[in-house]
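S.K.: Give me coordinates for this.
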Amino acid sequence: MLRAHRSVSESEQELRRWIAQGQFAPDELMLRWVADRLGRQDCRNGYLLDGFPRTMTQAEAFDQQLSKLGHRLNHVIHLHVDSETLTKRLLDRQRTECRPDDVRRTIACRFDLYKEKTEPLLAYYRQAGLVRPVDGDGSPEEVFEKILRCIEDQKPP
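M.R.: Here you go, the predicted model:
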């Protein structure tokens with residue numbers, strides 16, 4: 001969604017700099033974009049969010065947005081992958097997709113941000129009974145199948 005939102009406006013240029021440095025986009029901006037995207041017709045029957053929310057501020061505000069709409073989260077998928085494997089995947093992605101933000105310095109920054117800002121969300125969502133652990137080792141197709149099985153095994157009431 002972030003990459004699709006890029007244009008030549010000043011705020012999007014600023015966003016490009018944040019992404020290139022491995023930083024998160026501002027909470028207010030992410031919340032506005034997600035709310036806009038989820039209001040579209042193709043999201044009426046459900047959706048999958050990848051990489052959102054990433055901060056407690058986003059999670060709490062998103063819960064409020066969902067509540068106002070009469071919606072709720074059904075699952076929070078937690079992919080378990082060791083940092084060495086993740087680093088290799090991101091460096092491979094940089095080579096195949098020419099992603100300027102997939103370099104060792106930026107990857108290390110992302111890991112630090114994850115520990116500080118995103119990892120605390122696991123406790124928040126565990127308390128709500130939403131966390132679904134999935135082994136992230138394997139090909140993209142294999143991991144996708146694991147996610148589907150996990151969701152199917154844990155359908156909400």
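
S.K.: Roughly how far does G51 sit from R110?
M.R.: Taking CB to CB, to the nearest Å as the criterion, G51 is separated from R110 by 11 Å. C-beta: built from backbone N, CA, C; applies to glycine.

S.K.: More neighbours: which of those two?
M.R.: Neighbours per residue (other CB atoms under 10 Å) separate G51 from R110, with R110 holding more: 20 against 10.

S.K.: How about the secondary structure of the nearest residue to that one once chain neighbours are set aside?
M.R.: Sequence neighbours aside, G22 is the residue nearest to R110 in space, at 4.5 Å (criterion: CB to CB, 6 or more residues apart in numbering). Assigned by DSSP: H, G, I helix; E, B strand; the rest coil, the conformation of G22 is coil.

S.K.: and what of E152?
M.R.: Reduced to three states with three-state DSSP, the structure at E152 is helix.

S.K.: what's the pLDDT at it?
M.R.: pLDDT recorded at E152 is 89.

S.K.: where's it relative to A20, distance?
M.R.: Using CB to CB, which is the criterion applied here, E152 is 38 Å from A20.

S.K.: same question, H80
M.R.: The span separating H80 from A20 equals 27 Å under the rule CB to CB.

S.K.: quick one: which of these two has more around it?
M.R.: When neighbours are counted by other CB under 10 Å, A20 comes out ahead of the other of H80 and A20, with 13 against 9.

S.K.: Going along the chain, name the strands of the chain.
M.R.: For the chain, strands defined by DSSP state E occupy the ranges 76-80, 131-135.

S.K.: In TSV: these, plus mean pLDDT and distance to A123.
M.R.: Formatted as TSV, the entries for the strands of the chain read as follows, by pLDDT from 0 to 100; distance: least, CB to CB, whole Å:
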stretch	mean pLDDT	distance to A123
strand 76-80	95	11
strand 131-135	96	9
